[in-house]
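In: give the three-dimensional model of this entry:
(chains A and B)
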Amino acid sequence: MVMAFSQGLETEARTIALALQRKDPEFLSRLVAQYHYRLLRYLIHLTARPELAEDLVQETWLHVLERAAQYNGRSRFEPWIFSIARNLAIDDLRRRMAVNNPAPPDAERVLEFAASDTQSPFLAAAKSEDAVRIAAAMGALEPIYREALLLRFQEDLSLEEIAQVAGAPVSTVSSRIYRGLAMLRSQLEGSTHAV
Amino acid sequence: MPFESHEKARRLLDRAAVEGISPEEQRWLHSHTAQCAECAGYAELSQRVLGALDAFAFDFDPAGPLRVQEALRRRAALAPSHRLAKAVPVAIGLTIVGSLAMYQPAAWLAGRWSVAAPAWQIAFAAFWFLPSMLLTLLLLFPGLFLRDGSSGDGETL
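Out: Predicted structure coming up:
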């Protein structure tokens, strides 16, 4: 059954790769519809800026079109497209940062800069009592932790795939997930006791 | 119950969520949490965190995907003319080189068969130069002339 499932994923990845290489307009439109919210959610987790995330989603698809030949379908589509979105987000934020800071900062510092001067979008997006309780902690979490949690638990990426997207070793990614979970758990525990 | 058991249970609970654990570890964990209220509470809290992570829904402009699709179509519409602009000079260059090499043998053949200069030169352009340029374009840039069959209007992205 596991084999059938992985074969299914492989076939899906190959189908996407072939359609991208043909630049099939119908298929691209379907992909956009299928991945729009997921890309937006990922970029909001990464930048904490919904308006910027909307622009970056469009940029991401234009890059997908330009680099269509680079996706060979041997691995899943998600890590590939999320990597493109991540690089674009970091480049964009780096350009904004460069206005006050001529030295090029590393990716983590760039992402922290994105989150530092904005109101957290997580409270408005929280749709359950527990989500409301951890919304503030989500906003305060470093973006790399939010990113790792999202990719693992919402996008269901493996640790290796997350490492590929984040450009970090698997051990680093795994420790980000454990630490992120621990921070949210202690926030939820604290707020539950406070109520 | 020894302190190490609680430590182990929490480590396994975390690992179960992130990486997965073996059936043997699952059995041990199940029997531990059945007897230990504190670790069962930890397990429940972890589940609530994962549930809460699923309960964030961001508002987005419903026209967003349509705008992206439109932007992709516009970008794609530019692409064939850009490719053609790059492909044609390369094809002409290669064809000229090939034609220069063939010109002398063609002139020699025309002389042998007593064909007048303008006639064989027109024939050379029509039956050698133009076909070889088209062939070069086809061989070097096969995607240039392919149209996508699934699109009703024949648009190629």
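In: from now on I want contacts and neighbour counts done on CA atoms only, so please keep to that.
Out: Will do.
In: which parts of stretch A:156-173 are buried?
Out: Neighbour-count burial for stretch A:156-173 flags A:157-166, A:170, A:173 (criterion: 16 or more other C-alpha atoms under 10 Å in any protein chain shown).
In: chain center to that stretch: distance?
Out: Taking C-alpha atoms, centre = their mean, to the nearest Å, one finds stretch A:156-173 lying 12 Å from the centre of the chain it belongs to.
In: again with stretch A:36-46
Out: Here stretch A:36-46 is found 6 Å from its chain centre; the criterion is C-alpha atoms, centre = their mean.
In: show residues contacting it.
Out: For stretch A:36-46, contacts defined as C-alpha atoms under 8 Å, 6 or more residues apart in numbering or on different chains pick out A:50, A:53-54, A:56-57, A:82, A:85-86, A:89, A:111, A:121, A:143-144, A:146-147, A:150-151, B:58, B:60, B:65.
In: tell me the average confidence for the helix or strand containing B:A101?
Out: If you go by DSSP states H and E, B:A101 is part of helix B:64-112. For helix B:64-112, the mean per-residue pLDDT is 83.
In: hey, which helix or strand in chain A has the poorest pLDDT?
Out: Here the helix or strand of chain A ranked lowest by mean pLDDT, DSSP states H and E is helix A:107-116, holding a mean of 70.
In: right, and the helix or strand after that helix?
Out: With elements assigned by DSSP H and E, the helix or strand that comes after helix A:107-116 is helix A:122-125.
In: and that following helix with chain B, contact?
Out: Yes: interface with chain B: helix A:122-125 contributes A:122, A:124-125 (C-alpha under 8 Å from any C-alpha of the partner chain).
In: among these, who's most crowded?
Out: The residue in those with the most neighbours, by other C-alpha atoms under 10 Å in any protein chain shown, is A:F122 (22 neighbours).
In: tally of neighbours for residue 109?
Out: Picked chain A for this. Other residues close to A:R109 by other C-alpha under 10 Å number 16.
In: to clarify, I was referring to chain B.
Out: For B:L109, the neighbour count with other C-alpha under 10 Å is 13.
In: how close does it sit to B:W120?
Out: Distance, B:L109 to B:W120, using C-alpha to C-alpha, to the nearest Å: 9 Å.
In: and the helix holding B:A101, what does it pack against?
Out: helix A:25-47, helix A:50-66, helix B:117-124, helix B:130-140 (3 or more C-alpha pairs under 8 Å, 6 or more residues apart in numbering or on different chains; DSSP states H and E).
In: could I get these as a markdown table with mean pLDDT and mean neighbour count?
Out: Listed next are these as a markdown table, based on pLDDT from 0 to 100; neighbours: other C-alpha atoms under 10 Å in any protein chain shown:
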| stretch | mean pLDDT | mean neighbour count |
| --- | --- | --- |
| helix A:25-47 | 94 | 20 |
| helix A:50-66 | 93 | 19 |
| helix B:117-124 | 88 | 13 |
| helix B:130-140 | 83 | 16 |
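In: among those helices, which comes closest to A:R95?
Out: Closest approach to A:R95 among those is made by helix A:50-66 (13.2 Å; C-alpha to C-alpha).
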